[in-house]
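# Take a look and give me a structure for this.
(one chain, ligands or ions: 2)
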Amino acid sequence: MEKNNIKKQNIYTSEEEKTLNWDEVQESFKKTFGNEIYNSWLQKLSLIKEFNDYLILGVPTRFFRDWIVSRYLDKILEQVKGFKLSLNRIEFKIIEESKQSPELISINELNKVTEIKDSILNYNRLNPNLNFQNFIQGRSNEIALSYSKKVCEHLSRYNPLYLCGGVGLGKTHLLNAIGLELQTENNVMFISAERFMYHFIKSIKKNDMVNFKDFFRKSSVFIIDDIQFISGKESLQEEFFHTFNSLMDKGSQIIISSDRSPMKLDRIQERIKSRLAGGLVVDIEVPDIDLKIGIIKKKIQEIQNEFKENIDLSEEVINYIATESKTNIRELIGVLNRVIAFGRVHNKSLTIGDCKNILRDVFSQIRVITVDKIQNIVSNYFNIGLADMLSQRRSRPLARPRQIAMYLAKKMTSRSLPEIGRRFANRDHTTVIHAVKTITRLSEQDDEMKKNISQIKSLLLEQ
Ligand code: ADP
Ligand code: MG
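Ligands and ions are numbered 1, 2, ... in the order given. This next block holds a predicted model:
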C-alpha cells in the first residue's frame with residue numbers, strides 16, 4: 001500500500017530519492033523481452049544512480065552499451081517509466097571497460113549470445129508504415145524529401161545520397177520510404193550500421209567473411225542507417241569502406257543517414273568521410289510549428305481510421321502540443337499518444353489545462369515540490385504565520401491548515417509518514433495519518449475544502 005502510493009506520487013517530487021526496486025524492474029524486463037534477450041543482455045544492467053528524471057545504468061562494455069541503446073532503449077525506458085513516471089532519460093556508464101581491443105570485446109560478447117538466431121535476411125525488412133505517402137512535408141525536411149524521391153527516379157545520379165539530422169527528425173522514415181519505393185525492381189539492402197557490425201563480427205567469428213562480402217556487395221541499392229555508429233571501430237570502418245567502394249564501382253546506389261554531416265563525424269577515417277561527402281549531402285532540420293501541426297493532424301487521422309474511434313482534440317490543444325514539444329518529431333508523437341490515451345481513459349475532450357498536467361513531466365523539468373514549499377504555500381494561502389502553523393497550538397484556524405499541509409506532503413512528495421511528522425515540529429507519524437484521513441474525508445464532503453485543496457495544488461504546480 002505504502003509502496004504503491006509512493007510510486008504514484010513520484011511525478012510530483014524531484015528530490016533525489018531511491019524508489020526503484022531494481023529486482024522488480026529486472027523481473028519486468030524478463031517478462032517483456034523474454035528469457036533469451038534478458039539473459040544475454042538486460043540481466044547485466046545494473047542500477048548505478050537514480051535521479052528523479054533519469055537513471056544511470058551500468059554496462060560491462062561499450063559494445064554492450066551500443067547494442068542495448070540501438071535495440072532496446074525505447075522499450076527499457078517504457079518499462080522503467082511504469083515504475084517511476086517521472087523518468088524521461090537513461091544514461092549508461094561503462095563499469096568494467098576491458099583493456100582488450102574493442103573488436104575482441106565484441107567477439108567475446110557475441111559468444112555469449114549464441115541463442116540469438118537470426119539471418120541477415122531477417123533484418124533486411126522494410127517497415128511498410130514508413131512510406132512517402134505518410135511523410136509530411138515541411139520547411140525543415142522538404143529538400144531531404146525531394147532528393148529522396150529524386151533518387152528513386154534517377155538511380156546513381158546522387159551517389160551517395162547522405163541525409164543528416166538530429167535524432168527523431170525522420171531519417172529512418174525517409175530511408176525506409178526509399179527502400180519501399182525501389183524494392184520491386186532492385187535488389188535493396190536496408191540495414192543499420194549497428195546491424196552491419198553485428199553481421200561483420202559474426203562472420204569473422206565463423207570464419208565466413210567470403211559470404212559476408214558477397215552478401216553485401218551484391219545489392220544494387222544499399223541503404224545504411226545511422227552510419228555514425230562506425231566511429232572509433234577501425235576494422236569495421238575498413239570493411240565498410242571496401243563494401244562502399246565495390247558497390248560504387250559497380251554502379252549501385254548508396255543512401256546513408258547520420259546524425260551529423262560527413263565532415264563532422266569523429267573518429268572516422270578521413271578517406272571515408274570524403275567518400276561519404278562525395279555525392280549529395282542534405283540536412284533535415286528541426287520542424288517548425290506548421291509541420292508539427294501537420295504531423296499531429298495526420299496521426300490523429302491515422303488513428304481514427306485504424307481504430308474507428310473519434311479523437312476529439314481542439315485546435316487549441318493541437319497548437320499547444322505543437323508549441324510545447326520542442327525537441328523532435330518522435331517526441332511529438334509520443335506526447336500526442338499520451339494525450340490521446342488520457343482522453344480515452346477519461347472519456348472527455350481535453351482542455352489545455354489537462355494537457356499541461358499530463359505533459360508536465362515531459363515538457364519541463366519536474367517541479368520541485370518539497371515539504372518546505374508546501375508549508376510555505378499553505379501558510380500563505382491561509383494568511384497565517386509559518387511558525388504558528390507549525391506550533392503546537394490547536395485552534396482550528398491553525399490546525400486545519402496544518403493538517404492540509406501534512407495531507408499534501410503525503411500526497412505530493414514521496415516522504416514517509418515519520419519524515420513528514422518530523423518536519424512538522426517533530427510530530428508523531430500517527431498525527432500525520434490522522435491529518436491525511438481527516439482532510440481526505442473533508443475534501444470529499446465539503447465543497448469549500450475541495451476548492452481550497454485544488455487551489456493550493458495548482459499554486460504548488462505553478463511555482
Ligand atoms: P530518425 O531516424 O531521424 O531518428 P525517425 O525516422 O525514426 O527519426 O522518425 C521518428 C518518428 O517520427 C517516426 O515515427 C517517423 O515516422 C516520424 N516522422 C518523422 N518525420 C515525419 C514526417 N515528416 N511526417 C510524418 N512522420 C514523421
Ligand atoms: Mg533513425
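# What parts of the stretch 151-300 of the chain come near ligand 1?
165, 167-173, 295 (CB under 6 Å from any ligand atom). Yep, even glycine has a C-beta here, placed from its N, CA and C like the rest.
# Adding neighbour count and secondary structure, write these out as a markdown table.
Formatted as a markdown table, these follow (neighbours: other CB atoms under 10 Å; DSSP: H, G, I helix; E, B strand; the rest coil):
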| residue | neighbour count | secondary structure |
| --- | --- | --- |
| 165 | 23 | coil |
| 167 | 13 | coil |
| 168 | 18 | coil |
| 169 | 24 | coil |
| 170 | 28 | coil |
| 171 | 22 | helix |
| 172 | 20 | helix |
| 173 | 24 | helix |
| 295 | 21 | helix |
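# Closest one of these to residue 46?
Nearest to residue 46 among those: residue 167, at 25.5 Å, using CB to CB.
# Tell me who's in contact with the closest one.
By CB atoms under 8 Å, 6 or more residues apart in numbering, the contact set of residue 167 is 259, 328, 330.
# just checking, the first one touches residue 163?
No - because the distance of 10.3 Å does not satisfy CB atoms under 8 Å, residue 259 is recorded as not touching residue 163.
# For the residue nearest to residue 309 when sequence neighbours are not counted, give me its contacts.
Nearest residue to residue 309 in three dimensions, chain neighbours excluded: residue 303, at 7.3 Å (CB to CB, 6 or more residues apart in numbering). Going by CB under 8 Å, 6+ apart, residue 303 touches 309, 311, 340.
# Quick check: the gap between residue 303 and ligand 1.
13 Å (CB to the nearest ligand atom, to the nearest Å).
# Kindly indicate whether that residue is helix, strand or coil.
Assigned by DSSP: H, G, I helix; E, B strand; the rest coil, the conformation of residue 303 is helix.
# Residue 89 against residue 53, yeah?
Yes - under the criterion of CB under 8 Å, residue 89 makes contact with residue 53 at 6.5 Å.
# which one of the two has more residues nearby?
residue 53 (14 against 10; other CB atoms under 10 Å).
# Of the contacts of residue 303, just say which sits nearest to ligand 1.
For those, the residue nearest ligand 1 by CB to the nearest ligand atom is residue 340; the value is 14.9 Å.
# how about the closest one, secondary structure?
Residue 340, by the three-state scheme (three-state DSSP), is helix.
# for the one 10 residues further on, same thing?
At residue 350, secondary structure determined by three-state DSSP is coil.
# Give me the phi and psi for it.
Note on residue 350: backbone dihedrals following degrees, to the nearest 10 are phi -90, psi 150.
# Count the neighbours of it for me.
20.
# As a markdown table, the residues of the stretch 151-300 of the chain next to ligand 1 with distance to residue 249 and pLDDT would be great.
Below are these laid out as a markdown table (distance: CB to CB, whole Å; pLDDT from 0 to 100):
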| residue | distance to residue 249 | pLDDT |
| --- | --- | --- |
| 165 | 29 | 94 |
| 167 | 33 | 86 |
| 168 | 35 | 91 |
| 169 | 32 | 95 |
| 170 | 31 | 96 |
| 171 | 26 | 97 |
| 172 | 27 | 95 |
| 173 | 30 | 97 |
| 295 | 40 | 97 |
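# In JSON lines: those, plus distance to residue 236.
Output for these, formatted as JSON lines (distance: CB to CB, whole Å):
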{"residue": "165", "distance to residue 236": "23"}
{"residue": "167", "distance to residue 236": "21"}
{"residue": "168", "distance to residue 236": "25"}
{"residue": "169", "distance to residue 236": "25"}
{"residue": "170", "distance to residue 236": "26"}
{"residue": "171", "distance to residue 236": "20"}
{"residue": "172", "distance to residue 236": "20"}
{"residue": "173", "distance to residue 236": "25"}
{"residue": "295", "distance to residue 236": "35"}
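# now the strands: where do they sit in the chain?
Ranges of strands in the chain, per DSSP state E, are 46-50, 54-59, 89-94, 161-164, 188-192, 221-225, 253-258, 280-283.
# looking at those strands, which one has the lowest mean pLDDT?
Among the strands of the chain, strand 89-94 carries the lowest mean pLDDT, at a mean of 81.
# other SSEs contacting that one?
If you count contacts as 3 or more CB pairs under 8 Å, 6 or more residues apart in numbering; DSSP states H and E, strand 89-94 packs onto strand 54-59, helix 62-83.
# for the shortest one, which positions count as buried?
Going back to what we said before, that points to strand 54-59. By neighbour count on 16 or more other CB atoms under 10 Å, the buried set for strand 54-59 is 55, 57-59.
# Contacts only, for whichever residue of the stretch 101-250 of the chain sits closest to ligand 1.
Closest to ligand 1 within the stretch 101-250 of the chain is residue 170: 2.8 Å, counting by CB to the nearest ligand atom. By CB under 8 Å, 6+ apart, the contact set of residue 170 is 135, 141, 144, 284, 329.
# so who does the fourth one touch?
Residue 284 makes contact with 140-141, 144, 163-166, 169-171, 174 under the criterion CB under 8 Å, 6+ apart.
# of all those, which two lie farthest apart?
166 and 174 (13.9 Å).
# Who has more neighbours out of those two?
Neighbour count, other CB under 10 Å: between residue 166 and residue 174, residue 174 has more, with 29 against 14.
# what's around the closest residue to that one other than its chain neighbours, how many residues?
Spatially, and ignoring its direct neighbours in sequence, residue 174 is nearest to residue 148 (4.8 Å; CB to CB, 6+ apart). Using other CB under 10 Å, residue 148 is surrounded by 24 other residues.
# For the stretch 201-350 of the chain, just list every one of the helices.
Secondary structure of the stretch 201-350 of the chain (DSSP state H, counting those that start in this stretch): helices at 209-217, 234-249, 270-276, 289-307, 315-324, 329-346.
# Please work out the average pLDDT along the shortest one.
What it means is helix 270-276. For helix 270-276, the per-residue pLDDT averages 94.
# follow-up on the earlier one: which of the contacts of residue 170 lies closest to residue 68?
Scanning these for proximity to residue 68, where the rule is CB to CB, the winner is residue 329, at 23.4 Å.
# quick one: contacts for residue 342?
Residue 342 neighbours (CB under 8 Å, 6+ apart): 350, 354, 358.
# Report the separation between the first one and residue 335.
This means residue 350. 12 Å (CB to CB, to the nearest Å).
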